[in-house]
Every structure is written in structure tokens, then in C-alpha cells.
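Colleague: predicted model follows, preceded by the sequence.
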Amino acid sequence: MKNKIKSISLFCLLLILVSFQSGDVLCNSKDLKDKAKKQLDPYNYDNFELTRINFRNKETFKEIEIPLFIGEKYRLVFEMEALPKQVLVEVYNRERENKKRKLLFTSKDIPADKTEFIYEVSKTRRIYINYIIPAGDETAKSGCALYMIGYK
């Protein structure tokens, strides 16, 4: 009887795990991190963040704030290969509500097949990374975007 309960429990757990991954691009953070780290040189590694991107029926938006030290030069490396669909990346000097907000970088003109890009920044205290996520469809449910930051 105990073996039967264990088998049923294991099957249910497996079914739950598979249902969460159906239609999703698997996010292998170690591989993404290793690829980004190669692009960081000659900068010193500081931090990275893996962001889960969920595609919905309408366009959505995620903003990430990154505090910086004045006087340092920074390199941001974006790894977007774990996304089933292109996501626009924008970097700003101020938060979304601020009227003096200035666009510092956009991936708008980067070809859709390029899944890795670099942006270098200095002379600012904070930057704000915006992921603009297009409306999804049956084929695009979720994936991951990674940014890594290094300093000089």
C-alpha cells in the first residue's frame, strides 16, 4: 500500500513539474551566465540578474533598477537567447514616472537574430533596465532574460 501511495505521489509531482514547463523555453542560468561572463572582459564581474519573462495577451513591461557608483565605468551584457520571442530592451537614467527621463540605450535596431548585446555606461548614479514584452501567442509563453554587469 505504501509503495502505491509513493508511486501515485511521485507521478502527481512529475505531472505538476511538466505542466509548468510546457510551452516554455528552459532557462539554464549557468549557461547564460557563462556566455555573458565571456563578454564582460576586461571588466570585473559585479552582479547578474535572471528575469523570468511571461508573455501575455497584451504587451507588458518590467523595470529593473540598478544603483551605480559615480566615477566607475560599467559594462552591461544582455543574454536573450532563452526567449522564444524578441523582447525590446531599453536603458534609462531615471525611473518611468520621472519627466527628465532619458533613453541611454535601446535594442530596437539590433537584428532579431542577435541574442547577445553590450552597453557601456558611466557618469550616472542609477540606471533602469526596461524589458518591453510583446503580446504572446500560442507558441510563446515564457522564457528568461539575463543581464550581467561589470565595472572598471
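Modeller: Received, thanks. Numbering: from 1, shown residues only.
Colleague: quick one: the strands in this protein?
Modeller: 44-54, 60-67, 73-79, 88-92, 103-106, 116-122, 126-133, 142-151 (DSSP state E).
Colleague: looking at these, which is nearest to residue 35?
Modeller: strand 73-79 (5.6 Å; C-beta to C-beta). In this view, the C-beta of every residue, glycine as well, is placed from N, C-alpha and C.
Colleague: contacting residues around that closest one?
Modeller: Strand 73-79 is contacted by residues 32-33, 35-37, 39-40, 43, 46, 68, 89, 91, 105, 107, 115-122, 127, 129, 145-152 when judged by C-beta atoms under 8 Å, 6 or more residues apart in numbering.
Colleague: who wins for proximity to residue 26 among the strands of the chain?
Modeller: strand 142-151 (8.6 Å).
Colleague: show the average pLDDT along the closest one.
Modeller: For strand 142-151, mean pLDDT is 95.
Colleague: by contact count, what packs against it?
Modeller: helix 29-40, strand 44-54, strand 73-79 (3 or more C-beta pairs under 8 Å, 6 or more residues apart in numbering; DSSP states H and E).
Colleague: distance from the chain centre to the last one, please.
Modeller: Here strand 73-79 shows a centroid-to-chain-centroid distance of 12 Å under the convention C-alpha atoms, centre = their mean, to the nearest Å.
Colleague: okay, now the sheet partners of that strand, with direction.
Modeller: Sheet pairing of strand 73-79 (DSSP bridges) gives strand 116-122 (antiparallel), strand 142-151 (antiparallel).
Colleague: out of those strands, which comes closest to residue 99?
Modeller: Closest among these, once you apply C-beta to C-beta, is strand 116-122, at 21.2 Å.
Colleague: isn't residue 126 up against residue 70?
Modeller: No - using C-beta atoms under 8 Å, residue 126 makes no contact with residue 70, being 10.3 Å away.
Colleague: in terms of neighbours, single out the busier of the two.
Modeller: Legend: neighbour count by other C-beta atoms under 10 Å for residue 126 and residue 70, higher for residue 126 (12 against 8).
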